[in-house]
Every structure is written in C-alpha cells, then in structure tokens.
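**Student:** Sequence first, then the predicted structure, then my questions.
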Amino acid sequence: MQTIRITNGRVIDPAQGIDQVTDVWIQGETILGLGPQPTAQADHVIDASGKIVCPGLIDMHVHLREPGREEDETIATGTAAALAGGVTSVACMPNTEPALDSQAAAEFVYLQADRAGNANVFPVGAITKGRQGQELAEIGGLVEGGAVAFTDDGSPVVSAEIMRRALEYCRMFNKAVLSHAEDLELTRDGVMHEGFESMRLGLRGMPAAAEEVMVHRDITLAELTGGRLHILHVSTAGSVELIRQARRRGINVSGEATPHHFTLTDKCLRGFDSNYKMAPPLRSDQDVQAVIAGLKDGTLEVIATDHAPHAPEKKMRELDQAPNGIIGLETLLPICVMSLIEPGHLTWPQLIEKLTVNPARVLGIDRGTLNPGAKADVTIIDPKTEWTIEPNSFRSKSRNCPFAGWKVRGRAHTVLVNGKVKY
Ligand SMILES: [Zn+2]
Ligand SMILES: [Zn+2]
C-alpha cells in the first residue's frame, strides 16, 4: 500500500476544528492521520508550503448532462472540470434525458463515473417520474441504486401535495429533498430579475416573490412532515430571511448559495449577454448583500456552483431563446476568494466548511473530513496564485462562463481522490 505525506501545509479540517500547519498522512485509499506518524514511511512526499490542505471539496449541485445531452457535458468531462476546480465529489442533478428517475439510471451514473476515474459522483434522484411533476418516482429503488438526495431541479415541484409526499417518503430513508424554488406562473417568459434594471432594459422580469412563495411553501411542508429540506441556489433577501426564521424555529431546512448569486447583479444584463442568464436570475445588489449575510451568519450552510453547461451554439441565441445557466466548477475557488475571503466576509475555515463537511452532511455521504480512516480525498489550494480566467482552457465541454477575462487569485494546486493524485 502506498503511503503519502503532505507536509508543511496549513491543514484546515472544519469537521475536526483543525487549522494548523501540520502533516497529512495517507495510506492506500484512506487518511492515516495528521501530525507525526512515527511508524509510517512515506513513499511520496508532497510539499505544501504556503498552501492550504483541506478535505476534497464537495459541489452538491452540478449538471453533468449525461445521458442525453453529451454535446454539453459528459460525466467524464464534468468530473475532469471538477478536479481542475479542486472538487473531489459532485452530486449530479437528475434533469438528464431520460431523467434520473430509476435505480438503473443511478447505477449508470456510478458506472460512468468509475470509468472516467476522476472525481466521485453521487447521483441525485428525481422526485417525480420523468420530472413531469405528476407521480412520485421510485424513491426506494433510487435509494437502492445509490441516490443520495431527491429533486426535480431544473423545475420546481408544482404540486404541493406531491412535495408533501416526497418529504414524507424521503424522510423514511433519511434523504434530503432539494428544492428548486420557483413559481412558474410568476416567472413565465421572464429573462432576468424583475426590478429597476429589467424595466430600464425593457426585458420581462422574474420577481423575487416567485422564489419566495415557493421557499415559504416548502418550509411549511417541511414543518408539517418533519422532512429534511434543502433550498437550492438561494438568491433573494426574502428567501434568506425565511430560511433564517425557519431554522430558528427548529425546522430541518438548509440553504445553498452559488458564487454567481453572491458576486454578480442584474446590472450585468445591460450587455444582453446570455452568460448572465440563469434561473433563479441574478438579483439586485441588496439581494447579493443579503446572501452574503446569510453565508456569514450560517443561515446558508452550503456553497455550490449549479454548474450548468450548454454548448456554445445554444448560448449564442437571443437572450429570450438562450437556455438558463452557467458553468462554475473551474471558477468556484477564485470567485469565493474574491467575493468572500478578500473582503473579510468569511475566513478560510468558514469557507471550507461550506464546501466540505456541510454538503457532506446534507447529502449524508462519508466525505468532507480528514479524520483518520476517512476516504483520502484531499485538495491542496494555492490561495495566492494569480491567474486569468480563460474558458477556452477549461476541461468542461462548455464555455458559458460569465467570468471570462477576470484576473483572480486562488486555485487548486494538487487534488487527490481516494488516495491517488488526480490533478
Ligand atoms: Zn435549479
Ligand atoms: Zn441546477
């Protein structure tokens, strides 16, 4: 069995409350321990001087597009992009074609991820058959196939009755329901956030209320059922406040923020560039501040990218025809550094907590820590290195990135998955 010693790095493991310069020892596929290991002999030494050594990052909101839309991304290219971004585990959303709504579909994801041999992939099952919103999917079979959570992401669950039953059913398996909170009647034909900017540009808006009424509904249903609810891509001040109050009342709800929602605003749409079109849309400056405040006070426990690849010809269409979403895996770290670390909103341990142990807990997966015996997923971050974001050099198949040309700091240096150097 191969033994690796990662030495001289600032080891940050929020799961254990560790933040100190020490060694990380890996034996085979697992973490042997931190600090001196008198009986161990290293076959390989990785010098991490000046770098941060942390549990492999987990991105619990990724669209890998396979099967069905391999022109946008595949499990192999998406997981290669993950590694380049320092991400060792992704949870992939079920809005593939066909939808990930059966045990066989979940097993297919594990098989393809294994073949690719990049990052770990944890499939998220559909709540309803075909994501049609009519009938519950085979939740038990999906759990059997390894689905770690449930969502119809890409779409909301329109029926409150079906959402109630999903929360009840998933509760029996101790799985979280991930809510894409959007009232489709309020967002119909919308291309951006409804507000001063949409009025100025003459574009149809999607009001903050379209998100908030669904966040409110799903929190109410979580309270009714005792189910475990996670709100995806929280983008409005009102949603942050609803989640904050619900958590104070002891309701089992967690929330997630994306880098674009705490970095960009609806002003970006002034150039009519579809790389700023997503659902939920980029909001006002006040909403951005509220999302950051939610991250700071712990209301929003998770940061995830909502990596949503679309082939260039699709995003080139007119704004109202272009699909929603942007890629995010390869820009996750530097955008968090720029928007959260450098302004002093979060410390490194706080940031890493939202990218490791917290998403691992929501998904119920045994990752996100450097505990002895844990799977040896490790990300070594160079927090100071400066670089320019160039989507053409990305490993993702798609290029729909709103940060092209940005000069940024912070990047994954070395990435290990199950004890093997993969990047
Ligand atoms: Zn969504
Ligand atoms: Zn999504």
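**Tutor:** Thanks, I have the structure now. Ligands and ions are numbered 1, 2, ... in the order given.
**Student:** okay, and the helix or strand of the protein with the least pLDDT?
**Tutor:** Least confident helix or strand, the chain: helix 312-315 with a mean of 90, by mean pLDDT, DSSP states H and E.
**Student:** Give me the contacts around that one.
**Tutor:** 72, 274-275, 322-323, 398-400 (CB atoms under 8 Å, 6 or more residues apart in numbering). Using the backbone N, CA and C atoms, a C-beta is placed for each residue, glycine as well.
**Student:** Show me which of these is closest to Ala210.
**Tutor:** Pro323 (18.3 Å; CB to CB).
**Student:** Let me know the helix or strand that the closest one is in.
**Tutor:** Using DSSP states H and E, Pro323 sits in no helix or strand.
**Student:** if I pick the residue in the stretch 301-423 of the chain that ligand 1 sits nearest to, what's in contact with it?
**Tutor:** Minimum separation of the stretch 301-423 of the chain from ligand 1 (CB to the ion) falls at Asp306, amounting to 6.3 Å. Asp306 makes contact with 61-63, 232-233, 258, 260, 278, 325-326, 328 under the criterion CB under 8 Å, 6+ apart.
**Student:** try Trp387
**Tutor:** Applying CB under 8 Å, 6+ apart to Trp387 gives the contacts 334, 407-409, 411.
**Student:** tell me, which of the residues you listed make contact with ligand 1?
**Tutor:** With the criterion set as CB under 5 Å from the ion, no member of the contacts of Trp387 is near ligand 1.
**Student:** Report the two of these separated the most.
**Tutor:** Pairwise distances across the contacts of Trp387 (CB to CB) peak at 12.4 Å, for the pair Lys407 and Arg411.
**Student:** And the two? Which one has more around it.
**Tutor:** Taking neighbours as other CB atoms under 10 Å, Lys407 and Arg411 compare with Arg411 leading, 20 against 10.
**Student:** hang on, Leu32 in a strand?
**Tutor:** Yes: per DSSP: H, G, I helix; E, B strand; the rest coil, Leu32 lies within a strand segment.
**Student:** got a list of what the residue most central in space within the chain touches?
**Tutor:** The chain has Ala304 as the residue nearest its centroid, 2.4 Å off, counting by CA atoms, centre = their mean. For Ala304, the contacting residues are 59-62, 232-233, 256-258, 359, by CB under 8 Å, 6+ apart.
**Student:** Just the ones of those residues in strands?
**Tutor:** The members of these that map onto strands under DSSP state E are 59-62, 256-257.
**Student:** a markdown table for those, including distance to ligand 1?
**Tutor:** Shown next, in a markdown table, are the ones in strands among the contacts of Ala304 (distance: CB to the ion, whole Å):
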| residue | distance to ligand 1 |
| --- | --- |
| Asp59 | 14 |
| Met60 | 12 |
| His61 | 8 |
| Val62 | 12 |
| Glu256 | 10 |
| Ala257 | 13 |
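**Student:** Mind picking the two most distant members of those residues?
**Tutor:** Between any two of the ones in strands among the contacts of Ala304 (CB to CB), the greatest distance is 15.1 Å, for Val62 and Ala257.
**Student:** Compare these two (neighbour count), which wins?
**Tutor:** Neighbours per residue (other CB under 10 Å) separate Val62 from Ala257, with Val62 holding more: 30 against 27.
**Student:** Verify the contact between that one and Thr305 for me.
**Tutor:** Yes: between Val62 and Thr305 there is a contact under CB atoms under 8 Å: 6.6 Å.
**Student:** which residues are in contact with both of these two?
**Tutor:** Shared contacts of Val62 and Thr305, counting by CB under 8 Å, 6+ apart, come down to Leu329.
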